[in-house]
Structures are given as C-alpha cells and as structure tokens.
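Asks: everything below, folded, please.
(chains A and B)
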Amino acid sequence: KQEVTQIPAALSVPEGENLVLNCSFTDSAIYNLQWFRQDPGKGLTSLLLIQSSQREQTSGRLNASLDKSSGRSTLYIAASQPGDSATYLCAVRRVGNTPLVFGKGTRLSVIA
Amino acid sequence: DTEVTQTPKHLVMGMTNKKSLKCEQHMGHRAMYWYKQKAKKPPELMFVYSYEKLSINESVPSRFSPECPNSSLLNLHLHALQPEDSALYLCASSPSIYRPGNTGELFFGEGSRLTVL
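Replies: So this is what the prediction gives:
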C-alpha cells in the first residue's frame, strides 16, 4: 500500500528565504506526482505535476524534483513571500487508473 | 478554462434533511471525484466516476449518494447525515489517463463547507 510522508509538518521562515519541502513515498511504481497548495478553508490549487518519466518541473519561483528510485520529491520555493503562507500537499498516483494518495501536508508560514 | 465549480459554498442542514452538493467542469475531463476533508487533515477519497460510471466507492455510508448525470456534472446527494459528517467536501476532475498524452492532473474546486446540526 502506497504511503506518502511529508516533512516537516510545519515550517516558519522569514520573508525572502529559499526553502525546501520534502515528500517521500513507499512504492516507486508511480504514474505521476502532484504538488498542491491549500489556503485555510479553501480548495486545492495544483502547483506542479511531474510525470514518472520526468526529473523536475518549474513554474515561476517553484521547482519540483522527482527521484523515483529513492521515492522522494522536493518542492523548492525561491525568495519566499508572505503570500506563500499555506499548506502544501504532495500526492502520488500509482500506475494504473488509481486515485491519488496524499501526504498530510506541510503548513508554511512566511513572516514579513 | 481550468475551473471546477462547486455549489453551494456553505450548507447547514439538520440530520433529517435531504440536500445536494453540485460540481461542474467544462474541461472535457472524463474522471470526476468526491473528496471529504476534515480540519488539518488531507483529503480523503469518497467516490470516483470514470466516463460517467462509478468506478470507485471507498466504502462510503449510503447516506451519501453520488450521481453523474453527464460528463460535466457531478452531484452528491445527502440524507440523514450525522454531525461527524461536517467537513469540507471537495470535487475534482482530471483527464482520463487511459488516453495517451493525458497527464492525469487533478483540478479541484473550492469546496462546499457542510455543517450538520
């Protein structure tokens, strides 16, 4: 059974810092991995999706990497801003038409 | 348009009421999902529809009844709910991964906040 772990559970950083969020998964037979952002009481916003054949994806200040063999993904946020404060969720889809398995998320606070 | 629209945004109902949550997308996605999310927890999958047919039911109690009238719409009918069913209900859609080139990326709506009194 696929298990997804996110470390740390919570993170507080001063504005302007670069930071890394970590995601690990137990079964490397994945179809894709998706990073989401969730603001309190709101829905999930897709940030980046990495297919199993890809090593990384970039969007603006965000960069996500994938190492299937070690079962790890990282989300790098450059020059953090208070508006980046949210919960970041990592989710993995296994090979085959199976649903996403979510990690518990990392709650990020960026202090001005 | 990468939008999934959910209505209502907020719903308060008694345990004997019957209500429905609605979800709509116009991205041509053929997979649609209902998730339930409690505070400070990740979303939990409830149902998956693929090509308008129910493909996954995660042992959800029968007081929750999903319906997919067409490829753009997904409903969740609620009846005789319990206070512990209060949560944020999220709808999502994705392209079918059975079609070559589709990424299977999930797009979520803003959710319907349900309170059961």
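
Asks: so where is chain A shaky, pLDDT-wise?
Replies: A:96-97 (pLDDT under 70).

Asks: okay, and the beta partners of residue 50?
Replies: Went with chain A since none was named. A:Leu33 (DSSP bridges).

Asks: you looked at the wrong chain, it should be chain B
Replies: Beta-bridge pairing for B:Ser50 (DSSP bridges): B:Ala31, B:Lys53.

Asks: my read: it touches B:Ser94, true?
Replies: No - applying CB atoms under 8 Å, one finds B:Ser50 not in contact with B:Ser94, separated by 9.8 Å. Glycine gets a C-beta too; all of them are placed from N, C-alpha and C.

Asks: list residues touching both of these two?
Replies: Residues touching both B:Ser50 and B:Ser94 (CB atoms under 8 Å, 6 or more residues apart in numbering or on different chains) are B:Ala31.

Asks: have a look at those two and say which one is more surrounded.
Replies: Taking neighbours as other CB atoms under 10 Å in any protein chain shown, B:Ser50 and B:Ser94 compare with B:Ser94 leading, 26 against 18.

Asks: ramachandran coordinates for that one?
Replies: Main-chain dihedrals, B:Ser94, degrees, to the nearest 10: phi -150, psi 160.

Asks: near chain B, which residues of chain A show up?
Replies: A:31-32, A:34, A:36, A:41-46, A:49, A:51, A:89, A:91, A:93, A:97, A:99-100, A:102-105 (CB under 8 Å from any CB of the partner chain).

Asks: excluding chain neighbours, what is closest to A:Tyr88?
Replies: Spatial nearest neighbour of A:Tyr88, chain neighbours left out: A:Thr106 (5.0 Å); criterion: CB to CB, 6 or more residues apart in numbering or on different chains.

Asks: cool, A:Ser109 as well?
Replies: A:Ser12 (4.4 Å).

Asks: doesn't that neighbour belong to a strand?
Replies: Yes - assessed by DSSP: H, G, I helix; E, B strand; the rest coil, A:Ser12 belongs to a strand.

Asks: next up, the contacts around it.
Replies: A:108-111.

Asks: TSV for the residues you listed, including secondary structure?
Replies: Formatted as TSV, the contacts of A:Ser12 follow (three-state DSSP):
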residue	secondary structure
A:Leu108	strand
A:Ser109	strand
A:Val110	strand
A:Ile111	strand
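
Asks: from those residues, keep the buried residues only.
Replies: Among the contacts of A:Ser12, those classed as buried by neighbour count (16 or more other CB atoms under 10 Å in any protein chain shown) are A:108, A:110.
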